[in-house]
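>>> Kindly generate the corresponding structure for this input.
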Amino acid sequence: MRTIKDLPEHSRPREKLREKGASALTDEELVTAILGMGTAGLDVRTIARQVAGLIREHKSGLMLDHLLAVPGIGLAKAGQILSAFELARRHLNKDIVKITIAQDILHLVADIAGKQQEYFVCISLNGANEVIEKRVVTIGLLDKTPVHPREVFADVISDRAAAVILAHNHPSGDLQPSEADRRTHDQLTEAARILGLRIVDNIILTKKGYFSFQEAGLIK
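So this is what the prediction gives:
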């Protein structure tokens, strides 16, 4: 089989990209352009063909283990591919919600502000503080809902999240955290620390407004 060096220069992926743009390249050629070269005994195009097949199969679910199973792909090459995916996802996906301040959270949890029962919500975030998923963890009685770290973080771990935002409403209308709220926050903070997760904020909502643990300096 001919190697990449045996191809005419104008047919090589990187030269083709320079002359015609990235959109002119096939999936295999794009992967080849990212990888650059193969390994001893394995031409880069052979590796690229398998990687492109995995990309088509798994799409956004492509993981490091998928790539490391390909002969000729080590951590460095797998990292190049996944890093390219993540950069494109962060900057080209217009539906991404990035959290920087408490106000960025409010529209995501506004639906629970006026509930007559206490709703406890967890929002999982990636390493760039972008929202992965929002979930209602528990629904309680009029003034309280029991929350266990296992229920809060089980799905967060499945998301491969790096951080979380916690939120719950106070049907009573009182915006200040109760002693139970503070104990729960400390318990969840310790559990998150053990799991390697960051708690970005903990929000209390009522019809009157919100209370942010982060803004109040209560996030450790």
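
>>> Let me see the contact set for the residue most central in space within the chain.
With distances taken as C-alpha atoms, centre = their mean, residue 126 lies nearest the centre of the chain, 3.1 Å away. Residues near residue 126 by C-beta atoms under 8 Å, 6 or more residues apart in numbering: 132, 161-163. (C-beta placed from N, C-alpha, C; glycine too.)

>>> Quick one, which of the residues you listed are buried?
132, 161-163 (16 or more other C-beta atoms under 10 Å).

>>> Reformat the contacts of residue 126 into a markdown table and put pLDDT and distance to residue 114 next to each item.
Formatted as a markdown table, the contacts of residue 126 follow (pLDDT from 0 to 100; distance: C-beta to C-beta, whole Å):
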| residue | pLDDT | distance to residue 114 |
| --- | --- | --- |
| 132 | 90 | 26 |
| 161 | 92 | 28 |
| 162 | 92 | 31 |
| 163 | 93 | 27 |
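
>>> Check the gap between the residue nearest to the centre of the chain and residue 96 for me.
According to C-beta to C-beta, to the nearest Å, residue 126 stands 9 Å off from residue 96.

>>> do residue 14 as well
Taking C-beta to C-beta as the measure, residue 14 falls 29 Å from residue 96.

>>> With residue 219 instead?
Residue 219 is 23 Å from residue 96, by C-beta to C-beta.

>>> follow-up on the earlier one: okay if I get the contacts of residue 126 as a markdown table plus distance to residue 116 and secondary structure?
Output for these, formatted as a markdown table (distance: C-beta to C-beta, whole Å; DSSP: H, G, I helix; E, B strand; the rest coil):
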| residue | distance to residue 116 | secondary structure |
| --- | --- | --- |
| 132 | 29 | strand |
| 161 | 30 | coil |
| 162 | 34 | coil |
| 163 | 30 | strand |
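
>>> I'd like these laid out as TSV, including distance to residue 78.
Shown next, in TSV, are those (distance: C-beta to C-beta, whole Å):
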residue	distance to residue 78
132	21
161	21
162	19
163	24
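
>>> Strands of this protein, start to end?
Shown for the chain, the strands assigned by DSSP state E span residues 119-125, 131-139, 163-169, 198-206, 209-212.

>>> No further queries at this time; thank you.
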